[in-house]
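Chemist: model this:
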Amino acid sequence: MREVSVGETLDQYKLTEVIARSGMASIFKAIDTESGQTVAIKVPYLQFESDVIFYSRFQREEEVVRRLDHPNIIKVLTPRHKSRMYIAMEFVDGISMRELMRRERPMRPEKALGYAIQICEALVYMHAEKVVHRDLKPENILATGDGTLKIMDFGIALDESARRLTWSGLSSTIGTPDYMAPEQVSGRRGDARTDIYALGVMLYEMLTANLPYMGTNVYNVMRAKTNEDPHPPTEFVKDLDPKLEEIILHAIERSPKNRYASAAEMLADMRDPARVVARGRAEHLKPRSLRALKIRRGLGFAFFFASLIGFFVFLIWLANRYPAAHVPPRKSFRGEMR
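Modeler: Next comes the predicted model:
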């Protein structure tokens, strides 16, 4: 067995071009030679096909998505025969949510809210089916030409209805740091409220063109999520509707118990922001500024170098204070005999 490439036929699918590549798989645009339908084929790299944990994870992703049927979730197709590991999916002719966010920074509130509502509708359905995505981010959402969003990449999804035991490695809490909930950062697997948190971060980013936590590196951001408050959205957009700010801050509460209890509750607020009661969440936040982080980091480096210099100065002083004793040359045995 070898890697597949453009121009080849994989079972009933003629591979026509590469759509994307990741660290573990390639996604091809293909034609179903039996139906003539354009599809997408996700094929893992050959070195992963013999990995039992990767195989189980890949198989589980296909099983989870196959039983989901919602207009905002990408559909998995069933080939007549499979000669190797791959997932056949509907082809979405569009762009990523990330690209949408790049084109309009920040987004108009009505547009951002419209996108967030679509995602939340999918979450309501998914969570009712006992599926938690756990890796929601702009890169895992596609937008069609008419503005319909499609959630994809269920590689680390949690299937709470699964009866069989899974490998511990498959229940890992990995995700993308900017959109990971604090409980994921702390090593817990998360639940439906983890997806609510990720959606809250995306709505925050759409409306402000910023993220709720700042840091000089990914570790500072992850640490801040578990110990500090987010920056209020109005820090970046002064005239943002307080109702929208309340929705966002409710969704990204550090403790899961303080977030929306369900995606359905968040959806109801987004569909009718006028019903939202502003509880002044932003007034009680005490975020650490990026300037403070840079100052703290600079002071840390300064302290380190000052300590290093002080250590060498001490060694020089010690050498001058206690010079080595002069030892006269030792006479040879032959000289003593004389």
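
Chemist: packing partners of the helix or strand where F48 lies?
Modeler: Assessed by DSSP states H and E, F48 sits inside helix 46-49. Secondary-structure packing of helix 46-49 (3 or more CB pairs under 8 Å, 6 or more residues apart in numbering; DSSP states H and E): helix 52-66. C-beta coordinates here come from the backbone N, C-alpha and C atoms, glycine included.

Chemist: domain-wise, how is the chain divided?
Modeler: Listed by automatic domain parsing, the domain ranges of the chain are 9-90, 94-288, 298-325.

Chemist: give me the contacts around the helix holding F48.
Modeler: 1-3, 24-25, 54-55, 58, 84-85 (CB atoms under 8 Å, 6 or more residues apart in numbering).

Chemist: how far away from the center of its chain is it?
Modeler: In this view, helix 46-49 has its centroid 24 Å away from the chain centroid, taken as CA atoms, centre = their mean, to the nearest Å.

Chemist: picking up where we left off before, could you list which of the contacts of helix 46-49 belong to strands?
Modeler: A25 (DSSP state E).

Chemist: turn the contacts of helix 46-49 into CSV, including neighbour count.
Modeler: Shown next, in CSV, are the contacts of helix 46-49 (neighbours: other CB atoms under 10 Å):
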residue, neighbour count
M1, 9
R2, 6
E3, 11
M24, 15
A25, 20
F54, 21
Y55, 14
F58, 21
R84, 12
M85, 19
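
Chemist: including distance to A143, could the contacts of helix 46-49 go into CSV?
Modeler: Formatted as CSV, the contacts of helix 46-49 follow (distance: CB to CB, whole Å):
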residue, distance to A143
M1, 35
R2, 35
E3, 30
M24, 24
A25, 22
F54, 29
Y55, 31
F58, 26
R84, 31
M85, 28
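
Chemist: save the domains of the chain as JSON lines, and put in mean pLDDT too.
Modeler: JSON lines is the format used below for those (pLDDT from 0 to 100):
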{"stretch": "domain 9-90", "mean pLDDT": "93"}
{"stretch": "domain 94-288", "mean pLDDT": "90"}
{"stretch": "domain 298-325", "mean pLDDT": "63"}
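
Chemist: which of the ones you listed sits most buried?
Modeler: domain 94-288 (a mean of 18; mean count of other CB atoms under 10 Å).

Chemist: so how far is it off the chain centroid?
Modeler: On CA atoms, centre = their mean, the centre of domain 94-288 falls 10 Å from that of its chain.

Chemist: strands of this structure, start to end?
Modeler: 9-10, 13-21, 25-32, 38-44, 87-90, 94-96, 131-132, 141-144, 149-151, 158-159.

Chemist: output the contacting helices and strands for the longest one.
Modeler: So that's strand 13-21. Using 3+ CB pairs under 8 Å, 6+ apart, strand 13-21 sits against strand 25-32, strand 38-44.

Chemist: now distance to S50 too, for these, in CSV please.
Modeler: Below are these laid out as CSV (distance: least, CB to CB, whole Å):
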stretch, distance to S50
strand 25-32, 15
strand 38-44, 10
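
Chemist: indicate which one of those strands is closest to K238.
Modeler: Among the helices and strands packed on strand 13-21, strand 25-32 comes nearest to K238, with 41.2 Å by CB to CB.

Chemist: and that closest one, what does it pack onto?
Modeler: strand 13-21, strand 38-44.

Chemist: and V76, which of these is closest to it?
Modeler: Short answer: strand 38-44, nearest of these by CB to CB, at 9.6 Å.

Chemist: what lies in contact with that closest one?
Modeler: Outside strand 38-44, the residues within contact range by CB under 8 Å, 6+ apart are 4, 10, 13, 15, 19, 24-32, 54, 58, 77, 84-92.

Chemist: what about that strand, distance to the chain center?
Modeler: Counting by CA atoms, centre = their mean, strand 38-44 comes out at 23 Å from the chain centroid.

Chemist: output it as CSV, nothing but the C-alphas.
Modeler: The C-alpha trace of strand 38-44 is given here as CSV (Å, rounded to 0.1, in the frame of the first residue of the first chain):
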residue,chain,number,x,y,z
THR,A,38,-18.5,15.9,-6.2
VAL,A,39,-17.3,14.8,-2.8
ALA,A,40,-14.4,15.4,-0.3
ILE,A,41,-12.2,12.4,0.8
LYS,A,42,-10.1,12.6,4.0
VAL,A,43,-7.2,10.1,3.7
PRO,A,44,-4.8,9.6,6.6
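
Chemist: pairing partners for that strand, with directions?
Modeler: According to DSSP bridges, strand 38-44 has the following sheet partners: strand 25-32 (antiparallel), strand 87-90 (antiparallel).

Chemist: mind putting those into a markdown table with distance to N140?
Modeler: As requested, the strands paired with strand 38-44 are exported to a markdown table (distance: least, CB to CB, whole Å):
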| stretch | distance to N140 |
| --- | --- |
| strand 25-32 | 12 |
| strand 87-90 | 13 |
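
Chemist: so which of those strands is nearest R188?
Modeler: strand 25-32 (27.1 Å).

Chemist: could I get that closest one in CSV with only the CA atoms?
Modeler: Extracted in CSV, the C-alpha atoms of strand 25-32 (Å, rounded to 0.1, in the frame of the first residue of the first chain):
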residue,chain,number,x,y,z
ALA,A,25,-4.3,13.5,6.7
SER,A,26,-4.9,15.0,3.3
ILE,A,27,-8.3,16.1,2.0
PHE,A,28,-9.0,15.6,-1.7
LYS,A,29,-11.7,16.9,-3.9
ALA,A,30,-13.1,13.9,-5.8
ILE,A,31,-15.8,12.7,-8.2
ASP,A,32,-18.0,9.8,-7.3
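
Chemist: good, wrapping up.
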